[in-house]
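Undergrad: sequence first, predicted model second:
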Amino acid sequence: MSFRTDTKTPETLPTATRPPLVARLPGHLSQFSWVDAAVAAAVLVLLYVVLRVGHGTTVAFSTHQNVHIDTDPARLPYDAARSLLRMFAALALSIVFTFVYAYAAAKSRRLERILIPALDILQSVPVLGFLTVAVTGFIALFPGSMLGLEFASIFAIFTSQAWNMTFGFYYSLTSLPRELDELSRSFGFTRWMRFWKVEVPAGMIGLVWNGMMSFGGGWFFLVASEAISVNNQQYALPGVGSYAGAAITDGDLGKVGWAILTMAVMVIGVNFLFWRPLTAWAEKFKNEQSEASEVQRSVVLDFLRRSHWPQLLGRALRPVGRGLSAAGRVLGRDDRPLTVDATRRRTGDIVFALVAGGLILWGLADLGRFLYDRTGLGVFGEPLLLGLATLARVLVLVALATVIWVPIGVKIGFSPRLTRIAQPVVQVLASFPANFLFPLAVWFFLRTGLSINVGGTLLMALGAQWYILFNSIAGAMAIPSDLREAMDDLGVTGWQRWERLIIPGIFPSYVTGGITASGGAWNASIVSEVVTFGGATLTATGLGAYIAKATESGDYPHLIAGVAVMSVYVVALNRLLWRRLYRLAEARYSL
C-alpha cells in the first residue's frame, strides 16, 4: 500500500516534461498571473487584520476596573476577529501539544501508563476548573496588561480542543499499518523521518477531522473563556462569546440573535476558507491501492494550486526541512530491535513504578491534608452522589448518539458528494455554542414544564454528540476505496456489509469518538446543568452544577472535591469500557 497523491510536483516529473526554469523562479514575475496577485493580496490583508486586532491584546488592564461589555451590534466584526484570533492561537497550541504528548505516550510503554490516564483526567477537568488557576497565574505573569487575560482565555480554549486531537493521533500511532512500519525499518529511516514521512501522513485524515471537531469544542466554551467569573471576580474580553454572555444576562433576545448570526457567519467562513481545503487536501493521504472515483474538492484549494506561491514557499523552506532532517539524526534510526532484554525491561519497570507511584502518592497525600484541614474528607460524599446523576446522563447521551449518528456519519463519509453538502451543515451544528441557545431552552423548559434534569441531557448532547459523528465520518473516509469496491463486486449488502466492512473499518475511529464524547459530556455538564436567561435560573441535580456553583463562589475545597470526583468517574469509565474497546480495536480492527 502507498499514500495516494492527487498531483505530480515538478520535482517528480521527468526532466523533459518539467516546466521551464523561468516559470519556477521568483524573479521572473512575468510568469505570475492574476491568481498569484489575488493570493498575495489576501495574505497581506490577513496579516494586516491580525496585526490590527492583535494590537488590542496589549492594552493596559487593571484587576480592579469595572467590567463593561459593549453590546452595540456595530462592534461585532471586531469582536468576531478577536475571537477568531484566540481560536486559531489555541488550535496551533493544540497541534503542538498533540504531536509531543501523543508521540511520547505511543513510543514509551512506561510513559504510556502515566500519560494516557493523565489525559483521561485532563479531559474530565472542566474548563472552569482550568480557568480558576489560569486567570490568577497569567494575570500574575503579565501585571497591568490585557495579555494576561488573553493567554488565560487562549489556554481555556486550548483545554477544550487538545484532548480529542491527542487521543486520535495517539491511536493512529499505535495502530500504524504493519507494512508502513516495515517500510520505515527496512529503509533505515531516522526517527524524525519516520514521524514526519510515515506516521503523520498515516494519521492525517483523523487529525484534520478531529481538529475540526476540536475547533467546534472551542466555540462551545467561548462564552466561558471570554466572560470569566472566578472567585467572585468578573473579567471580560472583547469577543463574540462575551458579547453573547452579556446579551443573555440582559435578556435581550435581539442582541442574542445578532450574536447567533455572527457566529453562523464565522463558522461557515472558517469552514469554507480553512477546514474544507484541509479535508480535501488530506484525501491524498488515504491508504489505498486504487484511486477513488470521486474525491473531495475545494474551490479555495483549487485556487491555491493554480498559484505559484505554494511551490515558491516550499522551495524557500526546503533548506529548513533539510536542516531538521539532519538534526533529527541525533534521535537515532528506526532500525531498533523489536525485542529487548526481559531483565532490563523488568528492572526499568520496577524503578519507574516506584518513582512515579511515590510522586503520585505524595501528591494525593498533600491534597488530602489540604481538604482535611479545611472541610474534612466528608466533602467527597455529596459530589460522589451527584456524580451518579451526571453519569446516567452521560451514558444515555453516548448510547443515543451512537444509534443516531454512526449510520449518518458512515453515509456522509462514503460519499464525497454528500460530504460537500453535509460538511458545512455539520460544522455549523457542531461548532455552534449551545449556551447561545440557552435563552430558548429556558423559555422552552418553563413553557412546557420539562425538568432541567431531563433537558440538561439534551443540552449536553449539543456539545458532545458531534465527536461521535465526526469520528464516524473520518473512519468511513479512511476505509480504502478498493475494499468498498470489492464488497460491491461481491454483492455484500445490508447487515453483512456492516459486519464485514463498515464496523471493522470505523471501529477504531468510533472508539476515539466515544471516549472524547464521554469526556466532552462530563465537561459540558458544567454549563448544561445550570442555565440562566434574564432573571430565570434553572439548576439540575448533578456534579456539573456542583462544580459551577463552587467555581463562581470561589470555594476551592468544594471545587477541588468536585473536579477530583469527576476525574474518578471519567477514569473509571474509560478503564472499564473505552480502554477495553481500544485494545479490541488494536488487536482486531486495524486496517
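TA: That came through fine.
Undergrad: would you map the helices across the stretch 401-550 of the chain?
TA: Applying DSSP state H, counting those that start in this stretch to the stretch 401-550 of the chain gives helices spanning 416-431, 438-448, 452-464, 466-478, 481-490, 494-497, 503-528, 543-553.
Undergrad: specify the angle between the fourth one and helix 503-528 in degrees.
TA: An angle of 160 degrees separates the directions of helix 466-478 and helix 503-528 when computed by axes from the mean of the first three to the mean of the last three CA atoms, to 10 degrees.
Undergrad: which strands or helices does helix 466-478 pack on?
TA: helix 204-220, helix 381-414, helix 416-431, helix 503-528 (3 or more CB pairs under 8 Å, 6 or more residues apart in numbering; DSSP states H and E). C-beta here means a position set from N, CA and C on the backbone, and glycine is covered the same way.
Undergrad: re the thing from before, Leu253: which of the helices of the stretch 401-550 of the chain is closest?
TA: Nearest of the helices of the stretch 401-550 of the chain to Leu253, taken as CB to CB: helix 438-448 at 6.4 Å.
Undergrad: the helices of the stretch 401-550 of the chain: which one's closest to Leu141?
TA: That would be helix 543-553 among the helices of the stretch 401-550 of the chain, by CB to CB, at 21.3 Å.
Undergrad: could you list the buried residues of the closest one?
TA: 543-551 (16 or more other CB atoms under 10 Å).
Undergrad: go on, stretch 370-385?
TA: Under 16+ other CB under 10 Å, the buried positions of stretch 370-385 are 371, 375, 379-380, 383.
Undergrad: same check on stretch 296-303?
TA: Quick answer for stretch 296-303 (16+ other CB under 10 Å): 296, 298, 301.
Undergrad: and if you look at stretch 404-411?
TA: 405-406, 409-410.
Undergrad: and the residue nearest the centre of the chain, what is it in contact with?
TA: When CA atoms, centre = their mean is applied to the chain, the residue found nearest the centroid is Ser214 (2.4 Å). Counting by CB atoms under 8 Å, 6 or more residues apart in numbering, Ser214 makes contact with 91, 94, 160-162, 164-165.
Undergrad: what is the nearest of those residues to Pro504?
TA: Asn164 (22.5 Å).
Undergrad: that closest one: how many residues sit nearby?
TA: Asn164 has 29 neighbouring residues, counting by other CB atoms under 10 Å.
Undergrad: quickly find the element holding it.
TA: helix 147-174 (DSSP states H and E).
Undergrad: centre of the chain versus the very next helix or strand once past that helix, how much separation?
TA: For helix 147-174, the succeeding helix or strand toward the C-terminus, using DSSP H and E, is helix 178-186. For helix 178-186, the separation from the chain centroid amounts to 29 Å (computed by CA atoms, centre = their mean, to the nearest Å).
Undergrad: what residues of helix 178-186 count as buried?
TA: So for helix 178-186, counting by 16+ other CB under 10 Å, buried means 180-181, 183-184.
Undergrad: do the same with stretch 476-490
TA: By 16+ other CB under 10 Å, the buried positions in stretch 476-490 come out as 476-481, 483-484, 487.
Undergrad: please apply the same query to stretch 272-289.
TA: 272, 274-288.
Undergrad: can you flag which of those belong to helices?
TA: 276-281 (DSSP state H).
Undergrad: would you reformat these as CSV and include distance to Arg447 and pLDDT?
TA: Shown next, in CSV, are these (distance: CB to CB, whole Å; pLDDT from 0 to 100):
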residue, distance to Arg447, pLDDT
Arg276, 38, 84
Pro277, 43, 89
Leu278, 42, 88
Thr279, 40, 84
Ala280, 44, 84
Trp281, 47, 87
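Undergrad: need these in TSV (columns: distance to Leu173).
TA: Output for these, formatted as TSV (distance: CB to CB, whole Å):
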residue	distance to Leu173
Arg276	26
Pro277	25
Leu278	20
Thr279	21
Ala280	24
Trp281	21
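Undergrad: what's the closest of those to Pro508?
TA: Ranked by distance to Pro508 (CB to CB), these are led by Thr279 at 19.0 Å.
Undergrad: distance of the closest one relative to Met193?
TA: The gap separating Thr279 from Met193 is 26 Å, by CB to CB, to the nearest Å.
Undergrad: same question for Thr71.
TA: Applying CB to CB to Thr71 and Met193 gives a distance of 53 Å.
Undergrad: again, but for Gly137
TA: Distance from Gly137 to Met193, by CB to CB: 38 Å.
Undergrad: which one of these two is surrounded by more residues?
TA: Between Gly137 and Met193, counting by other CB under 10 Å, Met193 is the more crowded of the two (20 against 13).
Undergrad: report pLDDT for the more buried one.
TA: For Met193, the pLDDT comes out at 83.
Undergrad: spit out the contact partners of Glu586.
TA: Going by CB under 8 Å, 6+ apart, Glu586 touches 174-175, 508.
Undergrad: ditto for Leu301
TA: Counted by CB under 8 Å, 6+ apart, Leu301 has contacts 276-277, 280-281.
Undergrad: tell me how far it lies from Lys284.
TA: 11 Å.
Undergrad: now the strands for the stretch 1-150 of the chain?
TA: 2-3 (DSSP state E, counting those that start in this stretch).
Undergrad: low-confidence stretches in it?
TA: Residue ranges of the stretch 1-150 of the chain with pLDDT under 70: 1-31, 58-68, 124-133.
Undergrad: please enumerate the helices of it.
TA: Using DSSP H, counting those that start in this stretch, helices in the stretch 1-150 of the chain cover 34-54, 76-107, 109-124, 127-141, 147-174.
Undergrad: and the longest one, what does it pack onto?
TA: Right, the one you point to is helix 76-107. helix 34-54, helix 109-124, helix 147-174, helix 204-220, helix 222-226, helix 240-250, helix 253-270.
Undergrad: which single one of the contacts of Ser214 is nearest to Ile502?
TA: Asn164 (22.4 Å).
Undergrad: in contact with the closest one, which residues?
TA: Contact analysis of Asn164 by CB under 8 Å, 6+ apart lists 210, 213-214, 217, 467, 512, 516, 520.
Undergrad: need the contact list for the residue nearest to it when sequence neighbours are not counted.
TA: Closest residue to Asn164 in three dimensions, ignoring its sequence neighbours and counting by CB to CB, 6 or more residues apart in numbering: Thr516, at 4.2 Å. If a contact means CB under 8 Å, 6+ apart, then Thr516 has 123, 163-164, 167-168, 210, 213, 467, 471 as its contacts.
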